[in-house]
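Chemist: Need a 3D model of the following:
(chains A and B)
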Amino acid sequence: MKRIVLFVLACLFSLTMVAQEKKSKNKKVEFKVAGNCGMCEKRIEKAAYSVKGVKNAEWHSDHGDIHLVIDETKCSAEDVAKAIAAVGHDTGSVKAQDSVYDKLHGCCLYERMK
Amino acid sequence: MFKNIAFLLFFVSQFIYSQETIKGIVTDENNQPLLGANLFWFNTAIGTTTDENGNFTIKKSPETTFLVVSYIGFETKKIEITSNTISVVLKEVNTLKEVTITKTKKGTEHSLYKVQNVQVMGQKELLKAACCNLSESFSTNPSIDVNFSDAVTGNRQIKMLGLTSPYILIAEENIPSVRGASQAYGLSFVPGTWVESIQITKGAGSVINGYESISGQINYEVLKPSNDIPFFLNAYASQDERYEINTHFNNKFSDKLSSTLFLHGNTRVGKNDMNDDGFLDGPIGKQVNILNRWQYNDAENGIVSFLNVRYMNDEKQAGEMDFNPDTDRLTMNAWGSEINTEKIEISNKTGYVFPDMPYQSFGFQNSFQSHKQDSYFGLSQYDIQQKSFYSNLLFNSIINNTKNKFTTGLNFTYDDYNEFVAVNFSRDFSRIDNSVGAFFEYTYDNTDNFSLVAGARVDNHNRLGTFITPRLHIRYNPWKEAVIRASAGRGKRAANIFAENQQLFASNRSFSILNTDGKLYGLNPEIAWNYGLSFIQKFKLAGKDAEVILDYYRTDFQNQAVVDVDHSPQEVLFYNLDGNSFANSFQAEFSIDLMTHLTFKTAYKYYDVQTQFTRGQLEKALQAKHRVFGNLAYETHIKDKGQQWKFDVTYNWLGEQRLPYTQSNPVQYRLDEYAPAFGTLNAQITRTFSSTFEVYVGGENMTNYKQMNGIVQNENPFGTYFDSSMIYAPTFGAMYYAGLRFKIKDKKENHKIEELVPVEEETHNH
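Modeler: Residues are numbered from 1 along each chain as shown, chains lettered A, B, ... in the order given. Below you'll find the model as predicted:
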């Protein structure tokens, strides 16, 4: 009897664990991405879309935030930040390499994030 | 010993004390110390200021580790304190941020980024032609030609790409509105002041609204109750004794529910005969038009819903000056005509956007319309009633990401026609049409310089059969400020041969339908393919913003319900196309902002519209091959209280037009083979006294060009040769008008807002 109770409890527990870990397929995420202009916008959004699981990506040059809708079962915000940094744009969590940054178009040479 | 302990204690307390104090310096970006900068712990009243060297000391706070640093003219900083000495660099406030960049919105906008060749005519453009209804709104737009369809009813017909309005899908907020029975006069039943904007799409258009569009789509949006002003009044009077009044009453019941009541009335009392042919130049009559529109907006739950209830009654009387309907109706005492129309419409559309998925939504549109026209033209009679129900269910979503969007859905159309025609024959053409269709439209956008829309629909119609309608649109930005568009698509429709050609009733032509085996008056459905290519380049010419637009479109009919008035001047024949019928149109448009608030726009249009008639392959009658358009718009700067002057001049030149064949008539009833070229000039001046009150005066056809022989055999309208359908120019001559607009605005609204919009949001270039 005790065993069964334990078993059921264990099952319930694991179920709640699963429920807690359930990842949203339409998770809204936003974070800072450094950039200046319309050219930056295209580059940033293109990089974001290159990550599988990104459903919508809109970067706003006025306040520097990227608004994402991602499928968390396929990618994470970190993956997107990495992809954006890889094309030369600093993000809140991942910074671009100087060598990539230096190759950006003149008008895109934004102020680096610290 | 005590001393030692005391010393130690002192030392320790010193130690503790030093732990609890933060020292630092506040400087600007050039490392200059800031004197008197304020520092305080976040959410507390504990603070200090810097000395002349920018230095400060402050005790640590038990509540927070966040320190707020501020200085007038500099950005305020909130910093987390992790060490005991810090240096704070404050940024000077960038005064550029305070500048609002504004751009005067153009009356008509051509987008560089939309896939379809769409131009949007906003309120500003619509106000350029103050009078009065939708059929008259296009006189300042070079893409739409406004014609004069007949001398009796004075009705204006519009054309696009050289094809008349039945080949254009005309929709009110994406619900097809001017179709079937309302084809001839429908546009004149929509008062201009109700319209918020008009979108004109050249070419095939989207599959979402149906399969009927061939040369293009015109969609108009009605003012939305949620952002309308509490009260609007427009009064208009013209030299030909036409009076119009429009009032809008808006009420916002809550932040979600709002409603507008639109009341329109017009009356045309003046019996005018400026070209001395014994006939009225335009009909007399009156119209009452009421629309009550409700809007429910629930942004949190993503729901928007509209409900429209509308009633319209229009009465027209035309014909000879001394015609009295009470005694002369359907007699040969005098030739006259009355057209009475009653329209009732109830429509609803509801949209739902998934709260966690902004790119996914449902839309559901339903519309019920009853359109009843009772009319007679001399001894001919024409009665039609159309009861129709339209329903469209749409679902929008994405595939993987928002670069790949799709719209899919179902729609249903039911039309119950009661149609009675008494001409040289009397016949009841009553029938019921219905169709069910499913559509899928895919949109790809690479978020940069390329996008496409590919759509297809399958419909089952009880008379047109089961058929597929494919449409494709492509947009490419080859370089900066330029766009190339291409489109191709198929359209199919059931021609309502009588409703669409009512001007022919005002003649003594005999009507014959030559085919008998088709399901539509004996005729087959009309099928056409439309192909188009368009190029827009925006550039600076001597520092001024300029734009060049080149368009080429071709429409190829596979089948057409040919309306032949060339076989004989005493006959009109309807038959299935046997041969070629096509319309080529080329348009070159150039516009430039000569200086602030002064815009010049000009266009040249070439049309080659030909059809195989019994007499051979002929140019379409009453269609100018060459047209030139010019518009000059100037407005003064808006002063503090909203005072402004606006000037607008439009010139239209129409080349010679082929006239229908009349050579078999006696000499005095013959027309020339071609009508002469002529030009018309319209102008309007608007004086805005404040943001709430303005007056306007204007003139139409100020060059006073008149077609004198508008009616053949006008002296004996019951004779064999009588015909008023061959109209290529105005019959009234110059006409002047004046009017006023008065608004009551919401208190919080700034009068400048509507004139100033932010620079185009789509900053696709750097």
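
Chemist: Going by C-alpha atoms from here, please, whenever you check contacts or count neighbours.
Modeler: Noted.

Chemist: ok, what's across the strand from the residue nearest to residue B:116 when sequence neighbours are not counted?
Modeler: Spatially, and ignoring its direct neighbours in sequence, residue B:116 is nearest to residue B:473 (6.2 Å; Cα to Cα, 6 or more residues apart in numbering or on different chains). Residue B:473 has these beta-bridge partners by DSSP bridges: residue B:453, residue B:487.

Chemist: Make sure residue B:476 is actually in contact with residue B:450.
Modeler: Yes: the criterion here is Cα atoms under 8 Å, and residue B:476 meets it with residue B:450 at 4.6 Å.

Chemist: Helices of the stretch 1-150 of chain B, start to end?
Modeler: All helices of the stretch 1-150 of chain B, identified by DSSP state H, counting those that start in this stretch, fall at B:2-19, B:123-126.

Chemist: name the helices or strands packed onto the shortest one?
Modeler: When contacts are defined as 3 or more Cα pairs under 8 Å, 6 or more residues apart in numbering or on different chains; DSSP states H and E, helix B:123-126 sits against strand B:195-202.

Chemist: weakest of the helices of the stretch 1-150 of chain B by average pLDDT?
Modeler: Comparing mean pLDDT across the helices of the stretch 1-150 of chain B, the weakest is helix B:2-19, with a mean of 50.

Chemist: is it true that residue A:81 touches residue A:87?
Modeler: No: if you go by Cα under 8 Å, residue A:81 and residue A:87 don't touch, sitting 10.2 Å apart.

Chemist: the more surrounded of the two?
Modeler: Between residue A:81 and residue A:87, residue A:81 has the larger neighbour count (other Cα atoms under 10 Å in any protein chain shown), namely 26 against 19.

Chemist: any idea how far the residue nearest to residue B:116 is from chain A?
Modeler: 23 Å (Cα to the nearest Cα, to the nearest Å).

Chemist: How about residue B:687?
Modeler: On the measure of Cα to the nearest Cα, residue B:687 and chain A end up 38 Å apart.

Chemist: Next: residue B:356.
Modeler: Applying Cα to the nearest Cα, the value for residue B:356 to chain A is 6 Å.

Chemist: residues in contact with that residue?
Modeler: A:26, A:27, A:28 (Cα atoms under 8 Å, 6 or more residues apart in numbering or on different chains).

Chemist: For stretch B:326-333, buried residues please.
Modeler: B:328, B:329, B:330 (16 or more other Cα atoms under 10 Å in any protein chain shown).

Chemist: and what of stretch B:713-727?
Modeler: B:713, B:714, B:717, B:718, B:721, B:722, B:723, B:724, B:725, B:726, B:727.

Chemist: cool, stretch B:674-692 as well?
Modeler: Here stretch B:674-692 shows B:674-675, B:678-688, B:690-692 as buried, counting by 16+ other Cα under 10 Å.

Chemist: just those now: which is nearest residue B:63?
Modeler: Using Cα to Cα, residue B:691 comes nearest to residue B:63 of the buried residues of stretch B:674-692, at 52.9 Å.

Chemist: number of nearby residues for whatever residue of chain A ends up closest to chain B?
Modeler: Residue nearest to chain B within chain A (Cα to the nearest Cα): residue A:55, separated by 3.6 Å. Residue A:55: 25 surrounding residues under other Cα under 10 Å.

Chemist: Over to residue A:65?
Modeler: For residue A:65, using other Cα under 10 Å, the count is 19.

Chemist: surely it meets residue A:30?
Modeler: Yes: assessed by Cα under 8 Å, residue A:65 is found in contact with residue A:30 at 6.4 Å.

Chemist: Low-confidence regions, chain A specifically.
Modeler: A:1-2, A:4-22 (pLDDT under 70).

Chemist: Now the phi/psi pair for the residue nearest the centre of it, please.
Modeler: Nearest residue to the geometric centre of chain A (Cα atoms, centre = their mean): residue A:77, 2.1 Å. Backbone torsions for residue A:77, taken as degrees, to the nearest 10, come to phi -60, psi -30.

Chemist: circling back to that earlier point, let me have the buried residues of stretch B:713-727 in CSV, extended by distance to residue A:47.
Modeler: Shown next, in CSV, are the buried residues of stretch B:713-727 (distance: Cα to Cα, whole Å):
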residue, distance to residue A:47
B:713, 74
B:714, 73
B:717, 74
B:718, 76
B:721, 73
B:722, 72
B:723, 68
B:724, 66
B:725, 62
B:726, 62
B:727, 60
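
Chemist: Now tell me which of the buried residues of stretch B:674-692 the prediction trusts least.
Modeler: residue B:691 (86).

Chemist: Quick check: residues of chain A near chain B?
Modeler: Contact residues, chain A versus chain B (Cα under 8 Å from any Cα of the partner chain): A:26-28, A:37-39, A:42, A:45-46, A:49, A:53-57, A:69, A:107.
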